[in-house]
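A.B. asks: Here's a sequence, model it:
(4 chains)
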4 protein chains.
Amino acid sequence: MDTLITAASRVRRSGKRRISFPITNRAYYGRSQLLIRKLHAHPDVDLELMLGGSILLDKYSHHIAAEIEAEGFSISAPMFNVIEGGNHVAMAKTACLTALEFTNGLHATDPDIVVISGDRFEQLAIAMAAAYLNKTIAHIEGGDVTGSIDESVRHAITKLAHVHFVTNEDAHRRVLAMGEDPRYVFNVGSLHVERASKVHTMLTDSMVNPNGVGFEIAVTRPFLMVIQHPVTTESENKAHLESTLRAIGALEMPTIWFWPNPDAGTAEMSETIRHFREHHERATANTRFITNVSADEFVAMLKATVCLVGNSSAGIKEASYLGTPVVNIGGRQQGRLTAGNVLDVGYDGAQIRGAVERQLRHGRYPPSSLYFRSDASQQIADRLVDVELYTQKRFFDGASTASLGTPPR
Amino acid sequence: MDTLITAASRVRRSGKRRISFPITNRAYYGRSQLLIRKLHAHPDVDLELMLGGSILLDKYSHHIAAEIEAEGFSISAPMFNVIEGGNHVAMAKTACLTALEFTNGLHATDPDIVVISGDRFEQLAIAMAAAYLNKTIAHIEGGDVTGSIDESVRHAITKLAHVHFVTNEDAHRRVLAMGEDPRYVFNVGSLHVERASKVHTMLTDSMVNPNGVGFEIAVTRPFLMVIQHPVTTESENKAHLESTLRAIGALEMPTIWFWPNPDAGTAEMSETIRHFREHHERATANTRFITNVSADEFVAMLKATVCLVGNSSAGIKEASYLGTPVVNIGGRQQGRLTAGNVLDVGYDGAQIRGAVERQLRHGRYPPSSLYFRSDASQQIADRLVDVELYTQKRFFDGASTASLGTPPR
Amino acid sequence: MDTLITAASRVRRSGKRRISFPITNRAYYGRSQLLIRKLHAHPDVDLELMLGGSILLDKYSHHIAAEIEAEGFSISAPMFNVIEGGNHVAMAKTACLTALEFTNGLHATDPDIVVISGDRFEQLAIAMAAAYLNKTIAHIEGGDVTGSIDESVRHAITKLAHVHFVTNEDAHRRVLAMGEDPRYVFNVGSLHVERASKVHTMLTDSMVNPNGVGFEIAVTRPFLMVIQHPVTTESENKAHLESTLRAIGALEMPTIWFWPNPDAGTAEMSETIRHFREHHERATANTRFITNVSADEFVAMLKATVCLVGNSSAGIKEASYLGTPVVNIGGRQQGRLTAGNVLDVGYDGAQIRGAVERQLRHGRYPPSSLYFRSDASQQIADRLVDVELYTQKRFFDGASTASLGTPPR
Amino acid sequence: MDTLITAASRVRRSGKRRISFPITNRAYYGRSQLLIRKLHAHPDVDLELMLGGSILLDKYSHHIAAEIEAEGFSISAPMFNVIEGGNHVAMAKTACLTALEFTNGLHATDPDIVVISGDRFEQLAIAMAAAYLNKTIAHIEGGDVTGSIDESVRHAITKLAHVHFVTNEDAHRRVLAMGEDPRYVFNVGSLHVERASKVHTMLTDSMVNPNGVGFEIAVTRPFLMVIQHPVTTESENKAHLESTLRAIGALEMPTIWFWPNPDAGTAEMSETIRHFREHHERATANTRFITNVSADEFVAMLKATVCLVGNSSAGIKEASYLGTPVVNIGGRQQGRLTAGNVLDVGYDGAQIRGAVERQLRHGRYPPSSLYFRSDASQQIADRLVDVELYTQKRFFDGASTASLGTPPR
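C.D. replies: Residues are numbered from 1 along each chain as shown, chains lettered A, B, ... in the order given. Predicted coordinates:
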């Protein structure tokens, strides 16, 4: 059997370091693009993008697939593993099915390193599969503290991963506290922010209006952006969303509203928006609901908007560097290191509206370097190529290390 | 849909705290029996045992299923999710399929708490599913340091779990270092050891000889026990096992050898033993290979054997209290807190043989309380009933807690 | 293990005949309701409804779940096994996942008979699982000839099933030709048609207008109904649908248009409708797009509409008895026995429009009894209770039977 | 998405006809080898072998995988989808999981034709997946009548398949009766038998004795062969097997006994053999239990044995041409066209023993051509290359065809 697996059904090895990069979500591609390009171009790397999860479902990521393909990357696609339902059960089963299919792919590809990015639920499932397959796992963006199920998922991935690329000092400290070996934890700044710093695309009406439904946006006039994801560990997502819908409606400003991601709670969120739109025409009269933009266009919007409202991490990370005023709602980002551009509010409509008005009066902020390094992607690529591979982890105990013998190599 | 789920296809709630206890391995049942009985008998608890994984496969756990049933517990059985192959791919896919099926069961049962025990690969998958379903997770035996993939799995479960029952002070310290809230971390000692302390079964020949194949054991005469599991993160498992087979053969002593668990590497281990037996009749002439004994019989053997050889955690935990001499081979238990009864050796046959001879000369040890509390199961049961439930975790940062607002409740 | 399975994790037997009825689609419930009620009420039957597939996804069957529950049936729910994508791959994987989960359910329930209804893709997968579990399978609506993948699926189910309830003489003849034992093939007429014959609900505006989006229908004025499903074996579904959209638009009549089922091609169909609606406001100005009505309301609509357009089997079966004029488009129903109420057309818009106009001039038709027996549900219920159970099938060879020994009993 | 799928993640098309050949069992490879070689060598064919199911599990097919690889075929391997348990539930779930994984592979490969061979349970599941993916399906060995679940599975595959290669006249007649189009049904004889006719390997002791356990066979002296599979639709498999074990034991002749296939009932069969061997040393003193031989070695054994005992189809097909005396036990092959070399018996030990003795007295039979064509593989290869492809099936109704319009092309 081993003969067969080695020589026929598995990809042949070239002597280069082989890196598998599972991408399961449109946002992951955007943020990772600089890194992916550097790895793809690197003479000592065989890069395999593994596309799965929602990235291959038309309605969420039409452009992305074409974009990825156009770059000429080596792609495998464990396809159609998203289970319908948009609730917790569907999310859990999607994670299991995704991991089942990535197991097949990871076994066939036999990478030296699997890169796990962020904290989405299916990424933990893939990390688990990779760990059982005895692969070295590199994790990007560990150590942050937030709300939602992401908080647990992120730290669990850290405890399965062998190499860690964190984005800020707080995260660095926490990853070490969790017993990771300091020789394998690197603070390289945020890929999102590096990328945002390199976008020079100018926003035009035609990036916004052919996309989605509702009000026609004129990008030269002040507009709000809203991104409000469901919080998987909360049960009042519908009420919270309606509260924001009303608050924004009352502001009577042109607004670009992003349709929610396909996570647990999504079906309810989409339904809430749809219902609200049908029954509160006036409150949504100035809003365009859009489902998808390219990563560059997204940054261009962040640079142009007068205020980003909601609970997206973009408000904490990209916006800190871009100086975009942010009204951050609820607990989803709670615990993140934030720059001065963020006003935290609860789910109360009056509070949301008040905070937006305060940000409108304030205007844009000076750039912060909390999450910014100009060479994040280059640093990660270099480490992925050079880092010593190991698979047997051991809790790094500081003082008591001596008694544990030689640390893993 | 919600109506349907609530009222018909899901178990009706009784007002008691509902606890789901997934058991996926025969060893898990033995060690957890005292706890399970206490929960089953508790007036404020609805206990549901969820049997899956290898526990329902005849060849590994014939007695266990009947035993569990005889106790009258409420049982659900997400059955037949072990994928054949006995290698890493099969292990990874088994975990995914197990989690997929437990998701269905956990959703239908809708427990308040899911109890995850230990560090087997499918337990992480189930913990992941439970986390996505927004359940409060209690973890037993977190914080230990060992070798094998168990090391990663154990800590990843810790980062998904909300309530922690650790078995010793080192583990306690590590779970706190990983950012768990001190109010939810309890050092209660080991369930295995508590249970071992309560076994008064006397070992008889008839517990050993109708089981398995090979040499007939006379339990009144000195005999060795060997348990050597594959180490999933090592590739030399076959050579290591043969080395032990030769070393034990050379000792020419009656030996009870436990067949390996169905993990990655098992197929190879079983094949190695089978092949060795066929081709080295003399070296295995004094050995009985057995596949299964009850938990009580196992403890009775530990009390009777002159030396336990291999890499089982029973050598570290139960044996420390029972005073059984142990020769611990290789890295699988590396990093565990050990009492004086353990001699650590590498995979070299001469070294193994020498260590066994040294233990034979030494004889049994005085009991250690490293892992022993007389009321471990009672303490866990009490906490499971009383602990405040919460689902949103947050890294407990010590000094910086103040800025994170109210800790989870 | 067997002890365990028998006594604990499996449903206890009552001595009654236990019948499992998998329902995976809202339409299946409507058509089967009379039968389900009779089985539920029967003193010698334990009936278990197994709900899965799309029936538990809010967007398609909100009412149904509540309705089923209100009837007090015993329900199990192998939930969330529909894989997103709405294409062939997603359909195939949905079937596999559905069958995987129904296997668990069928094993736990251990029915004497599994009732498979119709020809949807997941029903074959469930029939396959039931066959492997050695259950007696009863099939409703075998032997018909149509287009689409349903044609293959239907006959493959016949070859797995042990007892056959066909709806018309042609089907009877074909099921016998395929080698089924004549003692187990019963022509009982159509459940749909029996049901339609018993509906006395009067259609009101309030059944239509709170549901879906678009034009407000006044049911007292003439309106069209359109139901056009994707044809899985054709690739031009989008063009065909647009052709119908244009033809109906040109008629400028109030129209109730049913959103497509979640099958392969659905995503494309939904997108086509959505896109058409946004870009051809005039052509859809008189159309209400609705996603769901109760079975009774559906029949009430069939009785009220001036013409049913599309490729639904309701046009062939229910409409034949109700006398509803039908314009049947394309190959999906090709080969079915049809009454005089049906005009067959291709995908050409002018042809569709012409046929609708012809039907408008003709008006309603006299009832046909092609598919009608007044006691279909009672006959099926009686047979399910009385039929001798067997599992080993054998091709019934007519003349050569003698040489095959005793036929199955 | 379509762009992506076409250009990147799917295999590029070469203009040749692409044929996928799923092989899920070691026996399938042996019987299909001549056909596979002809397709592989054909200038107008791109052949892809898809290995899955038990063929990649070491214990059953060690040689096969290496053999296949050595031939240089293009191979993909949807691996590790056999679920442990060896019972009906495991069989059903294995089929579902296998189909799930072959769906991914078939989608990526995008073949023009999928070749489904025989009647094993997982082949129906793969046929189902291929049908849903809208592939043209060619079926080899349809139309036969036998016992066990194979009977239903075989005919259900026929009703999903578009092109049929049957092995004998009876089968031809039945496939037509089931409504298949005569233009696509070809009686080409049996691949097994063609292959058997071309084997000139001489049996040696060294083909038998390094394999398995037990008595050393001297192939120059008379020996029996036994192959007794579980019958999935019967519940007395264990008793039936013991009956044969005793009957063979009483004959006190050298015997080569084949370990059962991994089907439902296998675990029980293996356990029965193991137990019987331990407890009836005398009765198995002359028996060698072997798990695997190459296809050529198997034919060499059939030519050398004095009698084949059991319920293998090899007794009906290959043995008819080779003239091997056969004692066919029970209902598994019931209904097959048999030549004069077969004595049918029930499960009674005395009857089995008597029939073997009668065959020993009779000696070998003259070759029969019931299942033999000298060019079966060439004929199938030619048809697979030339046959007009179609996907929409329609019941071929003989007389009533006219009314159905043009048959599929």
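A.B. asks: Briefly note if the lengthiest helix in chain A comes near chain B.
C.D. replies: In chain A, assigned by DSSP state H, the helix with the most residues is helix A:88-109. Yes - using C-beta under 8 Å from any C-beta of the partner chain, helix A:88-109 reaches chain B at A:88-89, A:91-93, A:95-97, A:99-100, A:103-104, A:107. In short, each C-beta sits where N, CA and C put it, glycine included.
A.B. asks: What is that helix packed up against?
C.D. replies: strand A:17-23, strand A:45-51, strand A:75-76, helix A:121-132, helix B:88-109, helix B:121-132, helix D:88-109 (3 or more C-beta pairs under 8 Å, 6 or more residues apart in numbering or on different chains; DSSP states H and E).
A.B. asks: Can you give the distance of that helix from its chain's centre?
C.D. replies: Distance, stretch centre to chain centre, for helix A:88-109: 18 Å (C-alpha atoms, centre = their mean, to the nearest Å).
A.B. asks: hey, where'd the strands end up in the stretch 51-200 of chain A?
C.D. replies: A:75-76, A:113-117, A:136-140, A:163-166, A:185-187 (DSSP state E, counting those that start in this stretch).
A.B. asks: wait, which of these is closest to chain C?
C.D. replies: strand A:75-76 (14.8 Å; C-beta to the nearest C-beta).
A.B. asks: and that closest one, what's its mean pLDDT?
C.D. replies: Across strand A:75-76, pLDDT averages out at 84.
A.B. asks: neighbouring strands for that strand, and are they parallel or not?
C.D. replies: Here strand A:75-76 is paired, per DSSP bridges, with strand A:45-51 (parallel).
A.B. asks: can you list the weak-confidence ranges in chain A?
C.D. replies: Filtered on pLDDT under 70, chain A yields the residue ranges A:1-13, A:58-63, A:261-265, A:398-409.
A.B. asks: Spell out which parts of it neighbour chain C.
C.D. replies: Contact residues, chain A versus chain C (C-beta under 8 Å from any C-beta): A:54, A:56-59, A:79-85, A:87, A:89-90, A:93, A:97, A:213, A:262, A:267, A:271, A:278.
A.B. asks: Please list only the buried members of the residues you listed.
C.D. replies: A:54, A:56-59, A:79-85, A:87, A:89-90, A:93, A:97, A:262, A:267 (16 or more other C-beta atoms under 10 Å in any protein chain shown).
A.B. asks: Name the next helix or strand downstream of whichever strand or helix holds A:E271, please.
C.D. replies: Counting by DSSP states H and E, the element that carries A:E271 is helix A:266-279. Toward the C-terminal end, the helix or strand that comes next after helix A:266-279 (DSSP H and E) is strand A:287-290.
A.B. asks: Report the separation between A:G52 and C:E271.
C.D. replies: According to C-beta to C-beta, to the nearest Å, A:G52 and C:E271 sit 22 Å apart.
A.B. asks: just A:V114 next, same as before
C.D. replies: For A:V114, the distance to C:E271 - C-beta to C-beta - is 34 Å.
A.B. asks: and the gap between A:T291 and D:M207?
C.D. replies: From A:T291 across to D:M207, the span is 65 Å (C-beta to C-beta).
A.B. asks: neighbour count winner among those two?
C.D. replies: Each of A:T291 and D:M207 has its neighbours counted (other C-beta atoms under 10 Å in any protein chain shown); D:M207 has more, 20 against 16.
A.B. asks: residues contacting A:T201?
C.D. replies: Counting by C-beta atoms under 8 Å, 6 or more residues apart in numbering or on different chains, A:T201 makes contact with A:D296, A:E297, A:V299, A:A300.
A.B. asks: For the first one, identify the helix or strand it belongs to.
C.D. replies: Remark: A:D296 resides in helix A:295-304, with elements defined by DSSP H and E.
A.B. asks: for that helix, packing partners?
C.D. replies: Helix A:295-304 packs on helix A:26-41, helix A:191-197, helix A:205-208, helix A:318-322, going by 3+ C-beta pairs under 8 Å, 6+ apart.
A.B. asks: Need these in TSV (columns: distance to chain B).
C.D. replies: Shown next, in TSV, are the helices and strands packed on helix A:295-304 (distance: least, C-beta to the nearest C-beta, whole Å):
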stretch	distance to chain B
helix A:26-41	19
helix A:191-197	21
helix A:205-208	34
helix A:318-322	17
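A.B. asks: Indicate which one of those helices is closest to D:S235.
C.D. replies: In terms of C-beta to C-beta, the element of the helices and strands packed on helix A:295-304 nearest to D:S235 is helix A:26-41, at 52.3 Å.
A.B. asks: Tell me which stretches of the stretch 301-409 of chain A form strands.
C.D. replies: Counting by DSSP E, counting those that start in this stretch, the strands of the stretch 301-409 of chain A are A:307-310, A:326-329, A:342-345.
A.B. asks: Just tell me which of these ends up closest to D:A41.
C.D. replies: Closest among these, using C-beta to C-beta: strand A:307-310, at 62.0 Å.
A.B. asks: ok now that closest one, how far from the chain's centre?
C.D. replies: On the basis of C-alpha atoms, centre = their mean, strand A:307-310 is displaced by 17 Å from the centre of the chain it belongs to.
A.B. asks: Give me the buried positions along it.
C.D. replies: Buried-residue list, strand A:307-310, by 16+ other C-beta under 10 Å: A:C307, A:L308, A:V309, A:G310.
A.B. asks: near chain D, from the residues you listed?
C.D. replies: Residues of those in contact with chain D (C-beta under 8 Å from any C-beta): none.
A.B. asks: any idea which of the residues you listed is closest to chain B?
C.D. replies: Taking C-beta to the nearest C-beta as the measure, chain B sits nearest to A:G310 out of the buried residues of strand A:307-310, at 18.6 Å.
A.B. asks: and the closest one, bridged to which residues?
C.D. replies: A:I227, A:N328.
A.B. asks: thought it was touching A:V231?
C.D. replies: No - look at A:G310 against A:V231 with C-beta atoms under 8 Å: they stay out of range, at 11.3 Å.
A.B. asks: So which residues on the stretch 101-250 of chain A come close to chain D?
C.D. replies: Checking the stretch 101-250 of chain A against chain D by C-beta under 8 Å from any C-beta, the hits are A:E101, A:N104, A:H107, A:A108.
A.B. asks: all helices of the stretch 301-409 of chain A, in order?
C.D. replies: For the stretch 301-409 of chain A, the helices defined by DSSP state H, counting those that start in this stretch cover A:318-322, A:349-362, A:376-386.
A.B. asks: Tell me which of those approaches C:G315 most closely.
C.D. replies: C:G315 lies closest to helix A:349-362 among these, at 49.5 Å (C-beta to C-beta).
A.B. asks: Would you mind listing the buried residues in that closest one?
C.D. replies: A:G349, A:Q351, A:I352, A:R353, A:A355, A:V356, A:Q359.
A.B. asks: From the contact counts, what lies against that helix?
C.D. replies: The contact analysis (3+ C-beta pairs under 8 Å, 6+ apart) places helix A:349-362 against helix A:237-251, strand A:307-310, strand A:326-329, strand A:342-345.
A.B. asks: Kindly export it (C-alpha atoms) in CSV.
C.D. replies: In CSV, the C-alpha atoms belonging to helix A:349-362 read as follows (Å, rounded to 0.1, in the frame of the first residue of the first chain):
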residue,chain,number,x,y,z
GLY,A,349,-29.9,52.0,18.8
ALA,A,350,-29.7,55.4,20.4
GLN,A,351,-26.1,54.7,21.5
ILE,A,352,-25.2,53.5,18.1
ARG,A,353,-26.6,56.5,16.4
GLY,A,354,-25.0,58.8,18.9
ALA,A,355,-21.6,57.2,18.4
VAL,A,356,-21.9,57.5,14.6
GLU,A,357,-22.8,61.2,14.9
ARG,A,358,-19.8,61.7,17.2
GLN,A,359,-17.5,60.0,14.6
LEU,A,360,-19.0,62.2,11.8
ARG,A,361,-18.1,65.3,13.8
HIS,A,362,-14.6,64.0,14.5
